[in-house]
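>>> heads up, no residue letters with this:
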């Protein structure tokens, strides 16, 4: 099936790129146990500027009010193009017991779109200065007499440059139902969805061995499980 319209800011040649997400081991075990991926409602976002855009409202010259309230009907899941950074491990693995999973961008679409009852998007986030973000928001309001779902999705793919280190990719799902829970789950086969599982680089060798064994037992995953090499010493340098 052709999912071309599902990609935003991601050209054809990048759709098989890998993306990464650090999750708790409890969430990992739940993913394998229930075989469901979980997206969250957007109102949980912490950045006040993103919440500001979430409440976009404007008035056209003819007096017509443009509201973007449908953006509240989106679910999202955040991934990153950056596979191994000190900042990401320290932010998202505070107890050193979280893991990083790796998937392909196209699999985010290929697993969700066939079962979704509303539009699905995956897109790279654009990073703008505060002034640029405000100008962008004004342009959106000025040019959107009746914002469609594609435009609404694009409004969810901008952040301030202070967050540019994240190199974020977002999976978005628009749910047209009136009754919407806080989370949205859809079926995945984690054994084919996940390509590898990487463990926090700050754990000791003994802790790593125990953790890998625990993951194997609880998930049955036969793919690659390894510790992040972020702090591994460089190989011996020989100059001849």
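Nice, thanks for sending it over. Owing to the predicted nature of the structure, the values given are computational and were not obtained by experimental measurement. Residues are numbered from 1 along each chain as shown.
>>> so residue 224 touches residue 196, yeah?
Yes: between residue 224 and residue 196 there is a contact under Cβ atoms under 8 Å: 4.1 Å. In short, each C-beta sits where N, CA and C put it, glycine included.
>>> the more surrounded of those two?
Comparing residue 224 with residue 196 by other Cβ atoms under 10 Å, the one with more neighbours is residue 196, at 17 against 11.
>>> any idea how far residue 119 is from the more buried one?
From residue 196 over to residue 119 the distance is 30 Å, taken as Cβ to Cβ, to the nearest Å.
>>> likewise for residue 86?
As for residue 86, its distance to residue 119 is 36 Å (criterion: Cβ to Cβ).
>>> out of the two, which sits in the busier spot?
Using other Cβ under 10 Å, the more surrounded residue of residue 86 and residue 119 is residue 119, with 19 against 12.
>>> so the more buried one is in contact with residue 152, correct?
No: with contact defined as Cβ under 8 Å, residue 119 does not reach residue 152; the gap is 9.2 Å.
>>> any shared contact partners between those two?
Shared contacts of residue 119 and residue 152 (Cβ atoms under 8 Å, 6 or more residues apart in numbering): residue 174.
>>> okay, strands next: where are they in the protein?
Ranges of strands in the chain, per DSSP state E, are 7-8, 18-23, 36-41, 57-59, 65-67, 74-80, 99-104, 120-124, 126-128, 158-160, 168-174, 183-187, 196-199, 224-227.
>>> and the shortest one, which strands flank it?
So that's strand 7-8. strand 120-124 (parallel) (DSSP bridges).
>>> run through the chain and note the low-pLDDT ranges.
Applying pLDDT under 70 to the chain flags the ranges 43-71, 141-147, 234-240.
>>> which residue lies nearest the spatial centre of it?
residue 78 (1.7 Å; Cα atoms, centre = their mean).
>>> show residues contacting stretch 113-132.
1, 3, 6-10, 49, 73, 81, 105, 108-109, 112, 136, 149-150, 153-154, 157-161, 163-164, 166-177, 186-187.
>>> how long is stretch 169-184 end to end?
Start and end residues of stretch 169-184 are separated by 18 Å (Cα to Cα, to the nearest Å).
>>> should've said stretch 223-233
With Cα to Cα, one end of stretch 223-233 sits 25 Å from the other.
>>> that one: which residues count as buried?
Under the neighbour-count criterion of 16 or more other Cβ atoms under 10 Å, stretch 223-233 has 225, 227, 228 buried.
>>> rebuild those residues as TSV, extending it with distance to residue 140.
Below are the buried residues of stretch 223-233 laid out as TSV (distance: Cβ to Cβ, whole Å):
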residue	distance to residue 140
225	44
227	44
228	39
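>>> between those, which is nearest residue 14?
Checking those against residue 14 with Cβ to Cβ, the nearest one is residue 228 at 23.6 Å.
>>> now the closest one: closest residue in space, sequence neighbours ignored.
Leaving out its chain neighbours, the residue that sits closest to residue 228 by Cβ to Cβ, 6 or more residues apart in numbering is residue 201, at 3.8 Å.
>>> how near is the one you found to residue 208?
For residue 201, the distance to residue 208 (Cβ to Cβ) stands at 10 Å.
>>> joint contacts of those two?
residue 227.
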